[in-house]
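Participant: what follows is a predicted protein model with its sequence.
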Amino acid sequence: MIASIPLSPPTGSAILQKVRRVMDVILHIGAHRCATTSFQHYMRSNASRLDPMGVGFWGPIRTRSGLFHGILPGPEAPLTPKTRQRALGRVQLRCAKSVDLGVKQLIVSDENMMGTMRANLRVGELYGGVGERIARFAEAFQGHLTDIVLNIRSPEYYWASVFGLFAEHGRGTPHPGLLRRVAHTPRSWRDVVTDVSCAAGGARVHVLPFERFAGRPDAQLAHLIGRPAPGHAAQDKRNTTLPLEQLRRVMSPSEGSLPEGEGRWMPFDDEQRAMLRETYADDLMWLESGADGLAVLAEDPAHNKAEKHLPSPDKTRGRHHGRHAKVARAG
């Protein structure tokens, strides 16, 4: 855990004490390609319905407009004690403003808090630096961070969606060596959950599988806030992956070739898919058995509580918009 940098009293500590008393912060950290953009669209669409409930929302429109500048090191934000302290103060001031507006539960949703898809592709594994990143965000929301929510997805479909998005944006198809590395990596969602839990600073970690909650942002929100959520815009889908027939139309021959057929593009061979499915089954079994006390696998009240296994992943999701969205902002 990264050590905290205390704010200069009395202003910083007074703000922090005010937020501690009256508002809980819930970080919805993604992952990418797990219907996070659809969830964020749902939250924005229901702002007028959530305000009277005391539920506030910060999404990428807010978080990527300078709010988190200085929390993480980067080429545009060299990490120094001064920039770090200013970043912590900025977040806490915004929290205090939400308190003044009557917010009791603040949902902060941005999948880039976990890392980026580009970073995952560089190393061929899931969110290797997530622990350090979440530790820094936990510090920024210190004193009032109560919950962290993580969406996971069967890795064969997670990676296929990532590769499809990159192909759509002119970045070509994956090299066979990368596919082998992804299929054989020992790092799985269990490791991601463990890293997040160790960095959470005491916040509860909830895991919501894509196969159960995708396309149902109202069910996700109901789990987050512990009460019924609005149904408006719950069926809207955003930033989903192009099917094969559309990918072939937007890719140029120089960017690689795609197989014939329709539906989802699956770049892995049968053996690689089997390996990825087995890894995910092990992860789910670990979560269902209690995750060593590190996280809670979210229950969906709409499903039969006697069920022991998650439903099969949705293989037919289409794409309705977002053709020109930046890759780093995809959810």
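Facilitator: Happy to help now that I have it.
Participant: now do the helix or strand harbouring Glu278: distance to the chain's middle.
Facilitator: Assigned by DSSP states H and E, Glu278 belongs to helix 270-288. Centroid separation for helix 270-288 versus its chain: 20 Å, with C-alpha atoms, centre = their mean, to the nearest Å.
Participant: what average pLDDT does that helix get?
Facilitator: Helix 270-288 shows a mean pLDDT of 98.
Participant: next one: stretch 223-238
Facilitator: 96.
Participant: re earlier: next SSE downstream of the helix holding Glu278?
Facilitator: Counting by DSSP H and E, what follows helix 270-288 is strand 296-297.
Participant: neighbouring strands - and their directions - for that next one?
Facilitator: Using DSSP bridges, strand 296-297 pairs in its sheet with strand 204-209 (parallel).
Participant: list the buried residues in the partner strand.
Facilitator: Residues of strand 204-209 classed as buried by neighbour count (16 or more other C-beta atoms under 10 Å): 205-209. Glycine gets a C-beta too; all of them are placed from N, C-alpha and C.
Participant: could you list the low-confidence segments of the stretch 51-200 of the chain?
Facilitator: Applying pLDDT under 70 to the stretch 51-200 of the chain flags the ranges 75-78.
Participant: can you show me the strands along it?
Facilitator: 55-58, 105-109, 145-152 (DSSP state E, counting those that start in this stretch).
Participant: mind checking which of the ones you listed is nearest Val130?
Facilitator: strand 145-152 (9.3 Å; C-beta to C-beta).
Participant: ok and the closest one relative to strand 204-209, angle-wise?
Facilitator: Relative orientation of strand 145-152 versus strand 204-209 (axes from the mean of the first three to the mean of the last three C-alpha atoms, to 10 degrees): 20 degrees.
Participant: can you list the residues that contact strand 145-152?
Facilitator: The set of residues external to strand 145-152 that reach it, using C-beta atoms under 8 Å, 6 or more residues apart in numbering, is 24-31, 34-36, 134, 138, 189, 192-193, 196, 200-201, 203-210, 213, 220, 223-224, 283, 295.
Participant: filter these to the buried ones?
Facilitator: Applying 16+ other C-beta under 10 Å to the contacts of strand 145-152 flags 24-31, 34-36, 134, 138, 189, 192-193, 196, 200-201, 203, 205-210, 213, 220, 223-224, 283, 295 as buried.
Participant: got a list of what Met43 touches?
Facilitator: 50, 57, 59, 107, 109, 217, 221.
Participant: please report how far the third one lies from Thr83.
Facilitator: When C-beta to C-beta, to the nearest Å is the yardstick, Gly59 and Thr83 sit 24 Å from each other.
Participant: these two: which has the busier surroundings?
Facilitator: More neighbours surround Gly59 than the other of Gly59 and Thr83, with 20 against 15 (other C-beta atoms under 10 Å).
Participant: where do the helices sit along the stretch 101-250 of the chain?
Facilitator: Using DSSP state H, counting those that start in this stretch, the helices found in the stretch 101-250 of the chain span residues 117-123, 130-140, 155-168, 176-184, 189-199, 210-213, 217-225, 244-250.
Participant: want to throw the strands of the stretch 51-200 of the chain into JSON lines with distance to Ala160?
Facilitator: What follows is the strands of the stretch 51-200 of the chain, written out as JSON lines (distance: least, C-beta to C-beta, whole Å):
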{"stretch": "strand 55-58", "distance to Ala160": "30"}
{"stretch": "strand 105-109", "distance to Ala160": "23"}
{"stretch": "strand 145-152", "distance to Ala160": "15"}
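Participant: format those as TSV; extra columns: mean neighbour count and distance to His169.
Facilitator: Output for the strands of the stretch 51-200 of the chain, formatted as TSV (neighbours: other C-beta atoms under 10 Å; distance: least, C-beta to C-beta, whole Å):
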stretch	mean neighbour count	distance to His169
strand 55-58	23	26
strand 105-109	25	22
strand 145-152	24	22
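Participant: wait, Val25 sits on Lys104?
Facilitator: No - using C-beta atoms under 8 Å, Val25 and Lys104 do not qualify as a contacting pair, with a distance of 10.7 Å.
Participant: what's the neighbour count on Thr240?
Facilitator: 24.
Participant: distance of it from Glu111?
Facilitator: Distance of Thr240 to Glu111, computed by C-beta to C-beta: 14 Å.
Participant: one step back: okay, the buried residues of strand 204-209 in a markdown table with pLDDT next?
Facilitator: Below are these laid out as a markdown table (pLDDT from 0 to 100):
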| residue | pLDDT |
| --- | --- |
| Val205 | 98 |
| His206 | 98 |
| Val207 | 98 |
| Leu208 | 98 |
| Pro209 | 97 |
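Participant: and which of those residues is nearest to Phe68?
Facilitator: Val205 (20.2 Å).
Participant: if the closest one is in a bridge, with which residues?
Facilitator: Assigned bridge partners for Val205, using DSSP bridges, are Ile148.
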